[in-house]
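>>> here is my input, please return the structure:
(2 chains)
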Amino acid sequence: MAIRIEEAFNDCFERLSFGESLDSCLRSYPEHAMELDLMLRTAFDVKRRAHPIQPRPEFKYWSRVRLQGVQDYMSRQTTEKKASPFNFRRNLAISVAGLLVFVIASSGTVAASNDALPGQPLYGVKTAVEQAQLAMAVSDVDKAVLYANLAGKRAHEIEAMARQGKSDYLISTAVKMDYQLEQAETYISKYQAATSAGSPAMTTALPTDTSNTEGYDQPVQPAPAATTQVKPPFTSTDNKLGEGQAAVKRPLPTPNATANVNKAKNALNSTTARSLTTLQDALENAPDSARPAILNAIERVKKANEWSQQNLNQGQQQDNKPEDFTPKPESFPVKPLPDVKKPERVGNDNFVTPDKPRYIPPSDKDPIRPVTDTVKPVDTVPNTQAPSTTVTPVIKNTIDAVTSPTIRQGSGNSTTTK
Amino acid sequence: MLIEEQLVQRAVNGDREAFTQIYDLHFNKIYRYIYVKVHSQAEAEDLTQDVFIKAYEGIRNYKWRDLPFTSWLFRIAHNRVIDHIRKVSKEKKASLEEAGAISSGDPVYMTEQNFEIHQLKEALKHLPDAQREVATMRFISELSIAEVALSLGKSEGTVKALQFNAIASLRKLLYGKINGY
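Presented below is the predicted three-dimensional model:
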C-alpha cells in the first residue's frame, strides 16, 4: 500500500531534523521524491526565516521579574486572607528585624551567593548580579564573553549538584547553560556580521542566520569567502531557495574588530573546554537519573566548543596578521566522553558528529588539534541511544527539555511518549 | 511520571520555582507563535507576558490528564491572540510593522532579515486559518505533531495533511514569482 505524501513529508521532515540527509530520506519514498524535495526545502526555509524571531533578552528578563511580582502579589493575597489582624505588631517586628538583617548581611551576600546553587536562597542574588552584569555590558563582544563565562558557571553548578546528588534543578540549569551558549554564539556572529570580521573578500553575500539564538539548530557561521547562497540544512547541489539573495559590499574588518572577535571566540573556546572537563567530572559523580541531562549538556558544550574552535581556526587563517590579534586558546585536559551516538547532521560541518574529531588538549606545536585515535568510550556511562525501560522516558523528556528545538520538533510523537 | 510532568505538577501545587522553569522552557516558542500573528514587537511582548500571567493564574486548576501542558499553554496563547486581533480590528488602529529580529547593529543585514520575516508573515496571512495555525505551531514554534493535534483538537492525520498543504501554499506564495514552482 502506497504511503500518502503527507505522511512521507512528515516522516522526512522529522528525519531531516534529526540530521539525516535529504537524499537518504528521498530514497525511502521514490514515488514522491521530486515533490518531497521541494516541500522539504520550503519547510526548512520557513524555519530558517522564523529563526531570528526572538524575544529581546531584556524583555524576557523583565517579563520574568513581572511574573515574579504577580506571584508575590498572589501569594500575599492568599496569606493575608489567612492572617489575623492581631498579628500586625508581630509582622511589623519581623519585617524590621528582617530589614536590619538584610542591611547588615547585604554586603557579604553578593560574595556569599557566588557559590550558591539553584534552589538555594542566595541563588536569586547570584542571578540578579549576573543580570546586572549583562545589563552593564555594552558591546556585543562584552556580552558574548560574559555569556560564555555564565555558561561556564552553569556547568560548575551542574557538577556541584551532580556531586551532591541533587537533580531537581539540573535540567533547568542545563537549559540556562544552553541558552547562554547560544547567546554567546549569537553575539559573536552578530559582531562578525556587523564588522564583516573573518571575511577576506570585499564582496560577500549576506549571512542569513547570524542571529541564531538557539545554537546548534542552525548554527551561525562566519561569512565564507566569495558569494554564497542560503542553504537549507541538507545537502544538495540544487539551490533554488537562494535565488534573489543580493550580494552586498562590506568593508574589510579593522584590526580592532578582528581582535575583538578573536577575544570573544577565545573566551567561548576556553570556557567550553573547561566546562567539558567539569561536566565529565559531573557525569562520573551523577546519579543515574541525572546522567541523560548531563550527557546532553556535554553534547551541547562540545558543539559550542567545536563551533568556537572552528571559527577561531577560520579566523586565524583569514586574519591578515594572526599573530597580532589572535589570542591562543587555553589548554584543558579533556577526558574521553562516552560514545553517545547521535544522528549525523548533513550539510553543516560546524557541528559535532560521531565521526568528527574531538577536542583534546593542545600541544606546543598545534594549539588545537583534532585526535581520533586516543579517545576511548567510558563503559560505565549508559549510552543514551541504548533502549532501557527505566532510562528511556527520562532521556526523552530530557531531550525535550534540554536539547535544541530542532530535536524537540523532531520528536513528533512526544506527547504520546509522555 | 516524566520530568516535565513532575515540574508541571509542582507548579500546580504552588511551587513558584517550578513555574519559572516552565516559563524558561516555553517562553521563546510562545513569543514566536504570537509574533507572526500580530503587527508589532510591542504587541507580541505584551501578549506573551499576558499568556504566562494567565497561565500562572490558571495553573492551579490545570490537569495533565485533560491536556498536555504545551498544548494547554498554546491554547491560552491562541485565545489571547484572537481576543487581541478582535480588539484591534474594532479599534481600527493603524500600526506600522516593526522589525522582529534581534538587533545586530548592522542595518543592511537587519533589513534583509526583517524583509524575510515580513515576507513570511505576509505569506502566512494568505493561508486558510487551519493551515496557518498548523504551520505556525509546527514550523515556527516547533511543536511536535502530537502537540499541535492536541492544541487544535484535531487528529494527527488531519494535522499532517494541513501541514503539507500549508507548505505547498507557502511555497507558491514565497517563491512562486521567483522560480515558477
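
>>> let me see the contact set for B:Phe27.
Counting by CB atoms under 8 Å, 6 or more residues apart in numbering or on different chains, B:Phe27 makes contact with A:55, A:60, A:63, B:48, B:52. For the C-beta atoms, the positions are set from N, CA and C on the backbone; glycine is no exception.

>>> burial count for residue 151?
Since you didn't name a chain, this refers to chain A. Other residues near A:Ala151 number 26, with proximity taken as other CB atoms under 10 Å in any protein chain shown.

>>> that's the wrong chain, I wanted chain B
For B:Ser151, using other CB under 10 Å, the count is 25.

>>> pLDDT score for it?
pLDDT, B:Ser151: 90.

>>> ok, the one 4 residues further on next?
In the predicted model, B:Ser155 carries a pLDDT score of 93.

>>> does chain B sit close to the longest helix along chain A?
When chain A is parsed with DSSP state H, its longest helix is helix A:255-285. No: shown here: helix A:255-285 not in contact with chain B (CB under 8 Å from any CB of the partner chain), separated by at least 11.8 Å.

>>> tell me the helix or strand right after that helix.
Per DSSP states H and E, the first helix or strand lying C-terminal to helix A:255-285 is helix A:291-318.

>>> hey, where'd the helices end up in chain B?
Under DSSP H, chain B gives helices at B:3-12, B:16-35, B:41-58, B:69-91, B:107-125, B:129-135, B:145-152, B:156-179.

>>> most packed of these?
helix B:145-152 (a mean of 24; mean count of other CB atoms under 10 Å in any protein chain shown).

>>> so for stretch B:31-51, mean pLDDT?
90.

>>> distance between the ends of it?
By CA to CA, to the nearest Å, the extent of stretch B:31-51 from end to end equals 10 Å.

>>> so which residue is dead centre in chain B?
B:Tyr33 (1.7 Å; CA atoms, centre = their mean).

>>> still on that earlier bit, closest to A:Ala286 among the contacts of B:Phe27?
Proximity of the contacts of B:Phe27 to A:Ala286 (CB to CB) peaks at A:Lys60, which lies at 29.2 Å.

>>> circling back: which parts of the longest helix of chain A are buried?
Of the residues in helix A:255-285, A:257-283 count as buried by neighbour count, 16 or more other CB atoms under 10 Å in any protein chain shown.

>>> and that helix with helix A:291-318, angle?
Interaxial angle, helix A:255-285 versus helix A:291-318 (axes from the mean of the first three to the mean of the last three CA atoms, to 10 degrees): 150 degrees.

>>> if we can go back for a sec, of all the helices of chain B, which lies closest to A:Gln131?
Of all the helices of chain B, helix B:16-35 sits nearest to A:Gln131, with 13.6 Å by CB to CB.

>>> quick check: angle from the closest one to helix B:41-58?
Going by the same axes, to 10 degrees, helix B:16-35 makes 140 degrees with helix B:41-58.

>>> what's the angle between helix B:16-35 and helix B:69-91?
Computed by the same axes, to 10 degrees, the angle between helix B:16-35 and helix B:69-91 is 50 degrees.

>>> just how off-centre is helix B:16-35 within its chain?
11 Å (CA atoms, centre = their mean, to the nearest Å).

>>> contacts only, for the residue lying closest to B:Glu133 once chain neighbours are set aside.
Of all residues not flanking B:Glu133 in the chain, B:Leu152 sits nearest, at 6.1 Å (CB to CB, 6 or more residues apart in numbering or on different chains). By CB under 8 Å, 6+ apart, B:Leu152 lies in contact with B:130, B:133-134, B:137, B:159.

>>> from those residues, which two are the most distant?
Among the contacts of B:Leu152, B:Ala130 and B:Met137 lie farthest apart (CB to CB), at 11.1 Å.

>>> how near is B:Lys87 to B:Leu47?
Applying CB to CB, to the nearest Å, the value for B:Lys87 to B:Leu47 is 11 Å.

>>> coming back round to it: the residue nearest to the centre of chain B - nearest residue in space that isn't next to it in sequence?
Nearest residue to B:Tyr33, sequence neighbours excluded (CB to CB, 6+ apart): B:Ser141, at 4.4 Å.

>>> helices of the stretch 1-150 of chain A, start to end?
A:5-17, A:22-28, A:33-50, A:57-82, A:88-112, A:123-136, A:140-163 (DSSP state H, counting those that start in this stretch).

>>> ok, the second one near chain B or not?
No: applying CB under 8 Å from any CB, one finds helix A:22-28 separated from chain B by no less than 14.9 Å.

>>> what residues sit buried inside that helix?
Buried residues in helix A:22-28, counted by 16+ other CB under 10 Å: A:22, A:25-26.

>>> and for the last one?
Buried positions in helix A:140-163, judged by neighbour count with 16+ other CB under 10 Å: A:140-162.

>>> would you mind writing the CA trace of that helix as CSV?
C-alpha atoms of helix A:140-163 as CSV (Å, rounded to 0.1, in the frame of the first residue of the first chain):
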residue,chain,number,x,y,z
ASP,A,140,28.3,42.6,21.6
VAL,A,141,31.8,41.3,22.3
ASP,A,142,31.5,42.1,26.1
LYS,A,143,28.1,40.3,26.1
ALA,A,144,29.5,37.3,24.2
VAL,A,145,32.4,37.0,26.7
LEU,A,146,30.0,37.4,29.7
TYR,A,147,27.5,34.9,28.4
ALA,A,148,30.4,32.4,27.8
ASN,A,149,31.5,32.9,31.4
LEU,A,150,28.0,32.5,32.7
ALA,A,151,27.6,29.2,30.7
GLY,A,152,30.8,28.1,32.5
LYS,A,153,29.2,28.9,35.8
ARG,A,154,26.2,26.9,34.9
ALA,A,155,28.5,23.9,34.1
HIS,A,156,30.0,24.2,37.6
GLU,A,157,26.6,24.3,39.1
ILE,A,158,25.7,21.2,37.3
GLU,A,159,28.8,19.5,38.5
ALA,A,160,28.2,20.6,42.1
MET,A,161,24.6,19.4,42.0
ALA,A,162,25.6,16.1,40.5
ARG,A,163,28.2,15.7,43.2
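
>>> how many neighbours does A:Asp37 have?
When neighbours are counted by other CB under 10 Å, A:Asp37 registers 19.

>>> not including adjacent chain positions, what is the nearest residue to it?
Distance criterion CB to CB, 6+ apart; nearest residue to A:Asp37, sequence neighbours excluded, is A:Leu26 at 6.1 Å.

>>> residue contacts, that neighbour?
Contact analysis of A:Leu26 by CB under 8 Å, 6+ apart lists A:12, A:33, A:36-37.

>>> from chain A, how far off is B:Met110?
B:Met110 sits 9 Å away from chain A, going by CB to the nearest CB, to the nearest Å.

>>> what about that residue, distance to B:Lys63?
In terms of CB to CB, B:Met110 sits 44 Å off from B:Lys63.

>>> then B:Phe115?
B:Phe115 is 44 Å from B:Lys63, where distance means CB to CB.

>>> now do B:Ile145
Note on B:Ile145: its distance to B:Lys63, by CB to CB, is 23 Å.

>>> could you do B:Ala166 as well?
Distance, B:Ala166 to B:Lys63, using CB to CB: 31 Å.

>>> low pLDDT regions in the stretch 51-200 of chain A?
Along the stretch 51-200 of chain A, segments meeting pLDDT under 70 span A:78-110, A:196-200.

>>> let's see 80
By pLDDT under 80, the weakly predicted segments of the stretch 51-200 of chain A are A:74-114, A:119-122, A:124-125, A:128, A:132, A:135-138, A:165-172, A:175, A:190, A:192-200.

>>> and chain B, by the same measure?
Judged by pLDDT under 80, chain B has its weakly predicted residues at B:1-4, B:39, B:64-66, B:89-110, B:113, B:176-181.

>>> perfect, I'm done here.
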